[in-house]
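# Kindly generate the corresponding structure for this input.
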Amino acid sequence: MAIALPLSALPAVAGHATGHPDGPFAFGDSAVIAFPFGAYPAEYDWDDMRDVAFTVDGVQRTATGEVRYELLITTPELGRVFGVSALAPQCFADGAASDQPTPLPGTTELEEGAHLYELQCAVPEGADVLEVRFTQRDAEGDDLSIVFAGVPAGA
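Numbers count the residues shown, from 1 in each chain. Predicted structure coming up:
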């Protein structure tokens with residue numbers, strides 16, 4: 001089973017670790033999920049796991065009642081593209097959904113590298129805590145809930 005952890009929780013020499021995938025992770029931390037190398041499920045090398053990192057950062061409240069943020073997905077060489085077409089972040093303000101899930105714009109089949117998505121969501125005035133939630137399927141087909149939480153900066 002793939003596990004998401006904040007990078008700060010991993011020992012400096014750790015290759016992979018275990019923990020609860022639901023976080024929540026602070027804005028700026030990374031949730032890491034290990035995926036096997038290989039082009040097709042029948043070819044996956046379960047002894048060659050590689051980490052895909054998800055980071056929500058740059059969380060900024062605007063004067064118009066929105067929050068803008070960046071989702072960075074850092075993908076290693078996997079021997080295939082990494083699909084995120086089903087990934088649709090949703091914002092929650094003080095625990096209540098504040099907006100509809102937002103499908104990722106642009107490319108959702110990611111090659112090796114860092115992929116930055118600039119996103120936004122509506123947040124009611126006076127909301128203190130913002131959560132950005134999304135689900136990512138691991139290599140075994142299990143859906144992992146990933147939550148980033150914190151207080152947006154600005155206005």
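
# Which other helices and strands does the longest strand along the chain contact?
Longest strand in the chain, counting residues (DSSP state E): strand 45-61. Judged by 3 or more C-beta pairs under 8 Å, 6 or more residues apart in numbering; DSSP states H and E, strand 45-61 is in contact with strand 30-37, strand 66-75, strand 130-137, strand 143-150. Bear in mind the C-beta positions are built from the backbone N, C-alpha and C, glycine included.

# can you do 7 Å?
Under the contact definition 3 or more C-beta pairs under 7 Å, 6 or more residues apart in numbering; DSSP states H and E, strand 45-61 sits against strand 30-37, strand 66-75, strand 143-150.

# quick one, which of those is nearest to Cys121?
strand 66-75 (5.7 Å; C-beta to C-beta).

# tell me what the closest one is packed against?
Packed next to strand 66-75, using 3+ C-beta pairs under 7 Å, 6+ apart, are strand 45-61, strand 113-122.

# quick one: low-confidence parts of the chain?
1-22, 155 (pLDDT under 70).

# can you state the direction angle for the longest strand of the chain and strand 113-122?
40 degrees (axes from the mean of the first three to the mean of the last three C-alpha atoms, to 10 degrees).

# could I get strand 45-61 in PDB with only the CA atoms?
The C-alpha trace of strand 45-61 is given here as PDB (Å, rounded to 0.1, in the frame of the first residue of the first chain):
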ATOM      1  CA  ASP A  45       9.100  -3.500 -10.500                       C
ATOM      2  CA  TRP A  46       7.900  -3.500  -6.900                       C
ATOM      3  CA  ASP A  47      11.500  -3.500  -5.800                       C
ATOM      4  CA  ASP A  48      12.100  -0.200  -7.600                       C
ATOM      5  CA  MET A  49       9.700   2.200  -5.900                       C
ATOM      6  CA  ARG A  50      10.000   5.900  -6.800                       C
ATOM      7  CA  ASP A  51       8.500   8.900  -4.900                       C
ATOM      8  CA  VAL A  52       6.000  11.300  -6.400                       C
ATOM      9  CA  ALA A  53       5.700  14.400  -4.300                       C
ATOM     10  CA  PHE A  54       2.600  16.600  -4.000                       C
ATOM     11  CA  THR A  55       3.100  20.100  -2.500                       C
ATOM     12  CA  VAL A  56       0.500  22.900  -1.900                       C
ATOM     13  CA  ASP A  57       2.200  26.200  -1.400                       C
ATOM     14  CA  GLY A  58       1.900  29.900  -2.200                       C
ATOM     15  CA  VAL A  59      -1.500  30.000  -0.500                       C
ATOM     16  CA  GLN A  60      -2.600  33.600  -0.700                       C
ATOM     17  CA  ARG A  61      -6.000  35.200   0.100                       C
END
